[in-house]
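Participant: need coordinates for the following:
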Amino acid sequence: MKTHHAYYVYIVECADKSYYTGVTNDIDRRLWEHNNEPHKSSYTYNRRPVVLKYCERFTDINNAIAWEKQIKGWSRKNKEALFRDDWEEIKRLAKSKTE
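Facilitator: Got it, this is the predicted structure:
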């Protein structure tokens, strides 16, 4: 019997209004870690609390990693359009970037 795995690409908004994008296999655990873990060198440690703004589930880790990398290259405006599920704006922003 094949086991289906779940991977999540997510974006959190930090207290300083910056965004952090990541991938995980346990979104609840990862959000808890961002808000509670004592790793002082982590990006979110001094930017707490963080709030989940976007999350998408994948069954293939390679697809999840590719999507995470693509999002990490996006501007703040692109990410905010993603939060609104505004694909027309994402396309417009991509087009204006290439022109």
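
Participant: can you pull the contacts of N35?
Facilitator: By C-beta atoms under 8 Å, 6 or more residues apart in numbering, the contact set of N35 is 44, 48-50. To be clear about C-beta, it is placed using only N, CA and C from the backbone, and glycine gets the same treatment.

Participant: switch the cut-off to 6 Å
Facilitator: 48-50 (C-beta atoms under 6 Å, 6 or more residues apart in numbering).

Participant: hang on, it in a helix?
Facilitator: Yes. Using DSSP: H, G, I helix; E, B strand; the rest coil, the assignment for N35 is a helix.

Participant: in the sheet, who's paired with Y20?
Facilitator: V12 (DSSP bridges).

Participant: about what we covered before: show the buried residues in the contacts of N35.
Facilitator: V50 (16 or more other C-beta atoms under 10 Å).

Participant: could you export stretch 14-28 as CSV, CA atoms only?
Facilitator: Taking C-alpha atoms only, stretch 14-28 is exported to CSV below (Å, rounded to 0.1, in the frame of the first residue of the first chain):
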residue,chain,number,x,y,z
CYS,A,14,6.3,38.5,10.7
ALA,A,15,5.6,41.2,13.3
ASP,A,16,7.9,43.5,11.4
LYS,A,17,5.6,43.0,8.3
SER,A,18,8.3,41.0,6.4
TYR,A,19,7.4,37.7,4.8
TYR,A,20,9.1,34.3,5.4
THR,A,21,8.5,31.5,2.8
GLY,A,22,9.2,27.9,3.7
VAL,A,23,8.3,24.2,3.0
THR,A,24,7.4,21.6,5.6
ASN,A,25,5.7,18.3,6.1
ASP,A,26,3.8,19.4,9.2
ILE,A,27,2.4,22.9,8.9
ASP,A,28,1.0,23.1,12.5
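
Participant: mean confidence (pLDDT) on it, please.
Facilitator: Taken as a whole, stretch 14-28 carries a mean pLDDT of 98.

Participant: in it, what counts as buried?
Facilitator: 14, 19-24, 27.

Participant: also stretch 41-55?
Facilitator: Those would be 44, 47, 50, 53-54, for stretch 41-55 by 16+ other C-beta under 10 Å.
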